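Novice: Mind looking at a prediction? Sequence and model below.
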Amino acid sequence: MATRRDGLARRRAALGFTQEALAERLGIERTTVGRWERGTMTPLPWNQPDLAKALNLSPEALAEVLRTDGAGQLVHGPSTPLISNELPNATLGRLSLSEDHGLGVVARIQVTAQAFQTADRRVGGGALYPSVVQYLNGEIGPRLLDPGVGINGSALFAAAASMTEIAGWMSHDFGRDVLAHQYFDRAFRLATAAHNQALAGNACASMAHLAIELDQADNALRIATVGLETTRETAGSRRLIARLHSMRARAFALRGERRSCTQELNAAERTLTGANNETAADWIANFDDASLASEAALCFLQLTQYREAECQAREVIRLRSGDRVRSRAFGQLTLANVLLEAGRPDEAAMLGQEVCRSTTSLSSARVVQRLHDLGRSLAPARSAPEVAAFLLALGALGHGPDGHEGRTITWPV
């Protein structure tokens, strides 16, 4: 039987909230608040930052309130799906592999992976990472050891590889690059064990991205090239091939090789154009026009081609709307750095302020780190009102990772 969270109810009432008022503040149904307080449901990870803010609690204090009934007793509520039917535009969430949901085991993992990815775009990896790890360890890991009767082993390993890669991206977004590397490495090995070339190439693209973030241009170029060789003849892989070409472009930009970078960007664009009518292979990360524009903007910024970089960054912002909060934030930060380099610090600072506002609902250490990088670059112009306002907003944020973790890691390819 679930135990009531009387401490949560008392905290709400003490701050003058009815259940209806708190629900309206958080953009959820009143019945959801009621279930939280009865202990039959736990607030979803992306609700918790807003709930903590509404109740004037730190994340740690909120976790303690949710964990106990207000009299020090632990709440033992049922396992709560990561996506519920009460959330807008969501139908299915984290599905237990030990229960019959009318889907096969692999299909249940795929539904859960899609739910995690949808939420990740909106709230960032920091909020979701613990839940992904719990799902990997509690649900998928035991299945790899004992798949069960009638389950295709290769398909199960491919599903495990995809979820492991998602954990890697969330680790990266959380600022834990060594951990991200371990997950990407494991995803590559699982995909190889599944004999799934497209998924192995997908892991290569993720590893190449991480290598670029760690300033390892040569490693990134080698890994992306291996990914291309692995997937070039695989059906449904055009978007992945475009992504791998863009990773090669980023590596060449990091090495200062402008011509080779441009050639790779052109190859990515041609390949992506040819993917419009293609059905993508299962488990492959989406790579679209906004994704390519984002990589191109970073390439041109690295190569000091500021006009082209500004054009591409503005295209990212135009295309990324709705729930793509983090992607849009990265596009805004890239544009801010372009404008700063072009001698327009006031405009750069205004974009920084916009991103600061978006971080109230986004748990992304990478975004915070880049905001602080922008702040350090803008500091000499602090006499400008826009810059001063941005630095003030920045001071209210926590610090991101130091940017040095993982620079000596090695790669499986």
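Specialist: Received the coordinates, thanks. Numbers count the residues shown, from 1 in each chain.

Novice: you'd agree residue 350 is in a helix?
Specialist: Yes - with DSSP: H, G, I helix; E, B strand; the rest coil as the criterion, residue 350 is located in a helix.

Novice: Was I right to think it contacts residue 386?
Specialist: Yes - taking contacts as Cβ atoms under 8 Å, residue 350 lies within contact range of residue 386: 5.4 Å. Using the backbone N, CA and C atoms, a C-beta is placed for each residue, glycine as well.

Novice: pLDDT below threshold where in this structure?
Specialist: Scanning the chain for pLDDT under 70 picks out the ranges 1-2, 44-46, 68-103, 149, 398-408.

Novice: Please enumerate the strands of it.
Specialist: Ranges of strands within the chain: none, based on DSSP state E.

Novice: Let me see the domain layout of it.
Specialist: Following automatic domain parsing, the chain resolves into domains at 6-67, 303-413.

Novice: what would these look like in JSON lines with mean neighbour count and distance to residue 157?
Specialist: What follows is those, written out as JSON lines (neighbours: other Cβ atoms under 10 Å; distance: least, Cβ to Cβ, whole Å):
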{"stretch": "domain 6-67", "mean neighbour count": "17", "distance to residue 157": "27"}
{"stretch": "domain 303-413", "mean neighbour count": "18", "distance to residue 157": "16"}
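
Novice: out of those, nearest to residue 126?
Specialist: domain 303-413 (3.3 Å; Cβ to Cβ).

Novice: end-to-end on that closest one?
Specialist: 27 Å (Cα to Cα, to the nearest Å).

Novice: ok, now stretch 127-141?
Specialist: 22 Å.

Novice: Would you pull up how far it lies from the middle of the chain?
Specialist: Relative to its chain's centre, stretch 127-141 lies at 15 Å (Cα atoms, centre = their mean, to the nearest Å).

Novice: Tell me which residues of that stretch come out buried.
Specialist: Burial within stretch 127-141, assessed by neighbour count using 16 or more other Cβ atoms under 10 Å, is assigned to 127, 128, 129, 131, 132, 135, 136, 139, 140.

Novice: Relative to residue 215, which of the residues you listed is nearest.
Specialist: residue 129 (24.1 Å).

Novice: Nearest residue to that closest one in space, please, no chain neighbours.
Specialist: Using Cβ to Cβ, 6 or more residues apart in numbering and skipping residues adjacent in sequence, the residue nearest residue 129 is residue 170, 4.2 Å away.

Novice: Now do the contacts for that neighbour.
Specialist: 120, 125, 126, 128, 129, 132 (Cβ atoms under 8 Å, 6 or more residues apart in numbering).

Novice: Adding distance to residue 64, write those out as TSV.
Specialist: Below are the contacts of residue 170 laid out as TSV (distance: Cβ to Cβ, whole Å):
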residue	distance to residue 64
120	26
125	23
126	19
128	21
129	20
132	23
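
Novice: Residue 15: which of these is nearest?
Specialist: Using Cβ to Cβ, the contacts of residue 170 come closest to residue 15 at residue 126, 25.4 Å.

Novice: Identify the residue spatially nearest to that closest one, adjacent ones excluded.
Specialist: residue 363 (3.3 Å).

Novice: That neighbour against residue 120, yeah?
Specialist: No - applying Cβ under 8 Å as the test, residue 363 and residue 120 come out as separate, 9.7 Å apart.

Novice: Now do the shared contacts for those two.
Specialist: Joint contacts of residue 363 and residue 120 (Cβ under 8 Å, 6+ apart) are residue 128.

Novice: Now the two most distant members of the buried residues of stretch 127-141.
Specialist: 127 and 140 (20.3 Å).

Novice: hang on, the earlier thing: look up phi and psi at the residue nearest to residue 126.
Specialist: phi -100, psi 80 (degrees, to the nearest 10).

Novice: so what's it up against?
Specialist: 49, 123, 124, 125, 126, 127, 128, 174.

Novice: Among the buried residues of stretch 127-141, which are located in helices?
Specialist: In helices, judged by DSSP state H, the following of the buried residues of stretch 127-141 are found: 127, 128, 129, 131, 132, 135.

Novice: From residue 39, how far out is the first one?
Specialist: If I follow you right, that is residue 127. 21 Å (Cβ to Cβ, to the nearest Å).
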